[in-house]
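> build me a structure from this.
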Amino acid sequence: MTTTTLAALVPVLPFLGAAAGLLLGRTAPGLVRPLAVLPVLASLVLTALVAARQGGGRAIDAATLLTPTGSVPVDLALHIDGFAALVAVLVAFVASCVQIYSTGYLREDPRYPSYAALVSLFTSAMLLVVYSGDLIVLLVGWEVMGICSYFLVGHYWETPEARAASLKAFLVTKLGDVPFLIGLFALGTDAGSFRVTRVLATVANGGLDHPTLIALLLLAGVAGKSAQFPLHTWLPDAMAGPTPVSALIHAATMVAAGVYFVARLLPVFEASAAAMVVLAAMAAVTMVGSGLSALAQDDIKRVLAYSTIGQLGYMTGALAVGDRGAAVFHLLAHGAFKALLFLAAGVVIHAAGTNSLAAMSRMSHLRDRVPDAFWTMTVALLALAAIPPFSGFFSKESVLGAAEHTATGHDGPIPGAAGWIVLVAGLVAALLTAAYATRLWLLAFRGRGAEAPERIREPLTMTVVLWVLAVPSLAFGALAYRTLPGWFDGRSLAPTLLTSVLGTGLAVVGGLLTYGVWQRTSARAARVPLGAVAAHPEGDAGHVEAEAIAAHEAAYGDIARAPDPADPARVLLGPLFRPAASGFHLDAVYSALFVRPVLAGASLVRFLDREVVDTYVRGAAALPRLLGAAVRRAQTGNVQTYVSALLAGTVVLTVAVLLVASGA
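Got it, this is the predicted structure:
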């Protein structure tokens, strides 16, 4: 079987699995789980075969005309280079892990058949995006992912949080997709084709007429899909969906689609220096802002959500300095350890007895109750904090090294300002990442929250997946930085001395500082029994907990009525704690700038329609109705009445004629 045929089957198999799962979900429920797992596993095998055959060499291209348009044609095309081959393996690998994990996690959920089918459909759409060689076909997968995300985030639709989160995710991403669509049309018009290869050839020949406009329009869609500032606010709320959904969509696949798109079309963005500086600034604000917000969250999944936003900021930062190899390297490493973090968080949430309320302040003594989640999450958090030799260290250092290369004035088309912006923000984010990773580990596994009831051992399908994902989280980086340059552009991905020392040093400082503050607050809080301090806030420890209660309730409502008094975030952030906990009030700003004016305009239109337009309509109907009523009274059906009226009219007319004649 040819490589092209294998590649074509990769997105088709999960699609067929989704269709079969929906059709047989009610009539043959025993087939739902095999139909969810086996097609995705088959796609994983096929992506591995395609990657082995592609081998990082010449790109595989194949195309057939999909539809004649009369102008710019649309082709059903494949374009598989080293980037596409490896990203497809990641997508299929994480999707397989999520489907297997979900068979245990949602084993009692009556809506599991539709859930599994949507996950398979989503996987098919993402694989289509990765392999597509035509931008319009890529757009189809891009939009299918969006609608699947809407349904999966709203899986628990009976809860208002899930309904609001799914709607918000859909609207915010669509807000970016509108300019993205315009940008694609403008790009296809300038290049005379939507084929990726022809677009890149046009850029190489300087054939783009509006490079800055096109790049900025496309960046709007990237910001929405990859949750970058200022369109990132949907991702923390999307944690209302099932935890495996977060592991798949909001860690390794959909949110990475924007990064992958920019990596594939990087020359288009490099054609505009202004667009690269905008991309760098967007990445810098995203990295630092999300790090501060993650440090202030109490919900474990929201911490991971803001962490995802920040790590995507690293990827866009690497793209902003022109190194797509470093960006995709971090995308691959991050996809593994962040999926592990979300899936381990699912085990922790169940063990804590909080289920939908994933507040770390309510977690206590979980290390011995969920040892698999403890050890695997520890590995993933070390990778997230970029501690050597874990995978996150090598991938993150490749980003910082690329930024240093650009910032120090090496020859290249990227402005040096972009390099400095990414480098400084990346180092600050390294400190913040280690701080919130350490805080999460301490509160989740060594916290003093309220005791939770004992729970049964988690299904084997869940714990096995954790250990499978722990392997690349630990070993992928050290192996990959030597071999991946041959799959990418040939640029070195090895850590550089300066950024390695600075990045690792700041990470260690962030972790040790958080641990030191936690020990200090723990010692103070231990003098008074947990819960009693809230009733006696005059004490020192009581003051700490009373302030924490107020801050957490302001940020989360009822989810944190009894926060851990040893939480170091308030001490570390100081006056930034409350703004950071609420995402720096961006939702309130957007509500004031956009939502309220739109609602006010809608109210005005409704008033004008009801009180003005409807008044004319009602008036136009009232006049004939009154005339009809008057005429109806004359139509009595009595012949004598008609004759009397006729005689009376004759008399009146006669008198009138005589009066006129006498006057004349």
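> quick one: mean pLDDT for the helix or strand hosting Val268?
Secondary structure from DSSP states H and E places Val268 in helix 266-270. Averaging pLDDT along helix 266-270 gives 95.
> repeat for stretch 619-636
80.
> so after the helix or strand of the chain with the lowest mean pLDDT, what's the next helix or strand?
Among the helical and strand segments of the chain, the one scoring lowest on mean pLDDT, DSSP states H and E is helix 540-556, with a mean of 39. Where DSSP H and E defines the elements, the next helix or strand beyond helix 540-556 is helix 569-573.
> give me the helices and strands touching the helix holding Val268, please.
Using 3 or more C-beta pairs under 8 Å, 6 or more residues apart in numbering; DSSP states H and E, the elements in contact with helix 266-270 are helix 196-204, helix 211-225, helix 273-296. (C-beta placed from N, C-alpha, C; glycine too.)
> strands of this protein, start to end?
60-67, 74-80 (DSSP state E).
> circling back: how about the helix holding Val268 as CSV, C-alpha atoms only?
Output in CSV follows, covering the C-alpha atoms of helix 266-270 (Å, rounded to 0.1, in the frame of the first residue of the first chain):
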residue,chain,number,x,y,z
LEU,A,266,5.8,30.6,8.6
PRO,A,267,7.3,32.3,5.5
VAL,A,268,3.9,34.1,5.0
PHE,A,269,4.3,35.7,8.4
GLU,A,270,8.1,36.3,8.0
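> nearest to Leu139, out of the strands of the chain?
strand 74-80 (10.0 Å; C-beta to C-beta).
> buried stuff in the closest one?
Judged by neighbour count (16 or more other C-beta atoms under 10 Å), strand 74-80 contains these buried residues: Val74, Asp75, Leu76, Ala77, Leu78, His79, Ile80.
> my guess is Leu502 contacts Leu427. True?
Yes: between Leu502 and Leu427 there is a contact under C-beta atoms under 8 Å: 5.7 Å.
> list residues touching both of those two?
Leu400 (C-beta atoms under 8 Å, 6 or more residues apart in numbering).
> pull the residues that contact stretch 44-62.
By C-beta under 8 Å, 6+ apart, stretch 44-62 touches 3-4, 6-7, 9-10, 13, 77-82, 85-86, 88-89, 91-93, 95-96, 127, 133, 197, 486-488.
> spit out the contact partners of the residue lying closest to Trp142 once chain neighbours are set aside.
Nearest residue to Trp142, sequence neighbours excluded (C-beta to C-beta, 6 or more residues apart in numbering): Val129, at 5.9 Å. Residues near Val129 by C-beta under 8 Å, 6+ apart: Leu138, Gly141, Trp142, Met145, Ala257, Tyr260, Phe261.
> ok, now how distant is Val129 from Ser96?
18 Å (C-beta to C-beta, to the nearest Å).
> what residue ranges in the stretch 551-664 of the chain score low on pLDDT?
For the stretch 551-664 of the chain, applying pLDDT under 70 flags the ranges 551-566, 664.
> same thing but at 50, please
For the stretch 551-664 of the chain, the stretches flagged by pLDDT under 50 are 551-563.
> ok, now the stretch 351-500 of the chain?
In the stretch 351-500 of the chain, residues with pLDDT under 50: 355-357.
> helices of that one, start to end?
Using DSSP state H, counting those that start in this stretch, the helices of the stretch 351-500 of the chain run over residues 371-384, 391-407, 416-446, 460-483, 497-525.
> for the stretch 101-250 of the chain, same thing?
Using DSSP H, counting those that start in this stretch, helices in the stretch 101-250 of the chain cover 112-131, 135-153, 160-191, 196-204, 211-225, 234-237, 243-247.
> so which elements touch the last one?
Judged by 3+ C-beta pairs under 8 Å, 6+ apart, the packing partners of helix 243-247 are helix 82-105, helix 300-320, helix 324-352.
> quick one: average pLDDT of that helix?
Averaging pLDDT along helix 243-247 gives 90.
> coming back round to it: filter the contacts of stretch 44-62 to the buried ones?
By 16+ other C-beta under 10 Å, the contacts of stretch 44-62 give 3, 6-7, 10, 13, 77-82, 85-86, 88-89, 91-93, 95-96, 127, 133, 487-488 as buried.
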